[in-house]
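Participant: Using only what follows, build the 3D model:
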Amino acid sequence: MECLESVSFVPDTAKTGLAATVRSRTDWCISRQRSWCVPIPVFYGKQTGRIIVNSESIKHVQGLIQEHGSDIWWSADIDQLCPKAFRDKYLDGEDVVRGYDTMDVWFDSGTSWASVMRVDDTGRPAVADLYMEGQDQTRGWFQSSLLLATALQQKSPFKTLAMHGFVTDALGGKMSKSLGNVVVPAAVIHGDLKLKMKAMGSDVLRLWAAASKMKDPVLGSSELNAAAENLRFIRRAVRFMLQHLDGFDAERECLPFQELMPLDQYMLYKLYHFVETFTDNMESMKFYLACADLHLLTKTELAGFYHNTIKSRLLCSARYSRERSSALTTLHHHLSVVHRLIAPLVPITAEEIVLQYPARTPVAKPSGAFHHGWPEASGEWQEATGVVQDVGFARQILNMSHLPRHNFEGSEDAKLADFTILLSNESSFNCMMSLNGGADRSSLSSLTEILLCNTVHLQHVDNVADLCNLEKFALHKSLSIGDDSSTPGDVGVIVQRSTAHHCPRCRRCVANTEGEVCVPCGAVEASS
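Facilitator: Residues are numbered from 1 along each chain as shown. A predicted model of the protein is given here:
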């Protein structure tokens, strides 16, 4: 029981089950009366029944088995197994017979660590990093390994013990051939006409297994469809990055972190903490949490927010402009990290990324995703705390703007929307001024990009609620900056019809003249 205290368990409840079976353990009879298995090398005197079993006799039999195999015990002549010198020494020359008892199979498996683990500096087998088997092994392999290692080495044979449950059908029932509810992996991967299952591929099966908790996971159509949907979000996010990184030379075009746009610094800050959390969950074998982290990154942070936000920069900015290079640098770092993190979960997708990644980037190595090593996020990415606070507050405003924007789009063209942001808190106002390029009104700022509108007009006022109540498409609520909930301020969002004209190139209402491109698009066209 003391040896168990140094062991990590996955899940944590596994320790209770193993400890209970060890406490209730009775004496262990290690012999079995079977015609197969490993023989116990014992000799008995024919007349007296006296026993020969000692280090000398065992070493002799061990040499024979090493040379001829364990069947030598049954096939060899008794004089070969127990020479006359042994009988004279230990039984005064009495004739002997071999023992027909065999070793309990759990004794065999329980000593496997002694055979497979390398010998450490003390001359003893090293402790295994991980033992993993089903929950029924609390009375089997887990326990026999622990008992024998404790007896022989006074320590556990494993550092971590992972105990999994058994796959159940869609109703949570035990899978059984007699019931006909067994689903083999090949049916999920390649499809099965009899079971009416479509082919989903090995990545879906692996993602399902990783997202399932260790205890009795359910394998049904809804669970597999959820895994397939999660994989689609991963591939959709990756496809966007691959499309826009085509032709991007990371060695020449990547910008230093401090030169990136505020939104891009914010995303790399989020990526840094994602790598830390994802790695911790993978190392602690909490794969279901790692899958949740990955789903949050690909669906919410990338596909749901960032990719939609930077489309205009990627498609409309000049080829080598700071704005576009900043976005591509951020996409490059995300793809470089993500394709290595997902390799243990969805290796087929990870390998496809390596094959499709632009050849001029450092990631494109023919050796495969697993040869690129586990990623380590740059430490400077976590230093953008000020930007993170500003962009995080802007995202709160973005979320609260959905309702008035939706109401506006129901009666107006969505492309005509301008935002007026009312803020009662001076700190909040200063944060948004920073993202708005230092101006109270802008159509080219990071804040405009984040809020997905044409123009943002900032106002520092006290009567936010009163002003919002006068507008048709408006909403106000109390918001705090970052984690500081002690000084919330009123924030109002008013969605109004733009007074500028539609630009046919960037499709935003920021042009000065009807039918002509806006000033930024005109500058890009003139330089190309």
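Participant: drop to CA atoms for contacts and neighbour counts, all remaining ones
Facilitator: OK.
Participant: what stretches of the stretch 251-400 of the chain score poorly on pLDDT?
Facilitator: Counting by pLDDT under 70, the stretch 251-400 of the chain shows low-confidence ranges at 358-367.
Participant: what do you get for the stretch 101-250 of the chain?
Facilitator: For the stretch 101-250 of the chain, no range has pLDDT under 70.
Participant: give me the element residue 491 is part of.
Facilitator: According to DSSP states H and E, residue 491 maps onto strand 489-497.
Participant: which residues sit in contact with the nearest residue to residue 383 once chain neighbours are set aside?
Facilitator: Once flanking residues are discounted, residue 383 sits nearest to residue 269: 7.6 Å by CA to CA, 6 or more residues apart in numbering. Applying CA atoms under 8 Å, 6 or more residues apart in numbering to residue 269 gives the contacts 381, 382, 383, 384, 388.
Participant: and the second one, how many neighbours does it have?
Facilitator: This means residue 382. Other residues lying near residue 382 total 17 when counted by other CA atoms under 10 Å.
Participant: Helix, strand, or coil at it?
Facilitator: helix (DSSP: H, G, I helix; E, B strand; the rest coil).
Participant: Surely it is in contact with residue 272?
Facilitator: Yes: using CA atoms under 8 Å, residue 382 makes contact with residue 272 at a distance of 6.5 Å.
Participant: ok so, going back, would you agree the residue nearest to residue 383 falls within a strand?
Facilitator: No: applying three-state DSSP, one finds residue 269 to be helix, outside a strand.
Participant: What separation do you get for it and residue 301?
Facilitator: Distance, residue 269 to residue 301, using CA to CA, to the nearest Å: 12 Å.
Participant: what's the answer for residue 17, then?
Facilitator: 40 Å.
Participant: Which of those two has more residues huddled nearby?
Facilitator: Neighbour tally, residue 17 and residue 301, criterion other CA under 10 Å: the higher count belongs to residue 301, 17 against 14.
Participant: What's the separation between that one and residue 385?
Facilitator: Distance from residue 301 to residue 385, by CA to CA: 18 Å.
Participant: now residue 171
Facilitator: Distance, residue 171 to residue 385, using CA to CA: 48 Å.
Participant: Neighbour count: these two, which is higher?
Facilitator: Using other CA under 10 Å, the more surrounded residue of residue 171 and residue 385 is residue 385, with 14 against 9.
Participant: who's in contact with the spatially most central residue of the chain?
Facilitator: Closest to where the C-alpha atoms of the chain average out (CA atoms, centre = their mean) is residue 290, at 3.2 Å. Counting by CA under 8 Å, 6+ apart, residue 290 makes contact with 277, 278, 279, 281, 282.
Participant: and the fourth one, what helix or strand is that in?
Facilitator: Just to be clear, that refers to residue 281. Short version, using DSSP H and E: residue 281 is in helix 262-283.
Participant: quick one, whichever helix or strand comes after that helix and helix 262-283 angle?
Facilitator: Toward the C-terminus, helix 262-283 is succeeded by helix 287-295 as the next helix or strand (DSSP H and E). Here helix 287-295 runs at an angle of 170 degrees relative to helix 262-283 (axes from the mean of the first three to the mean of the last three CA atoms, to 10 degrees).
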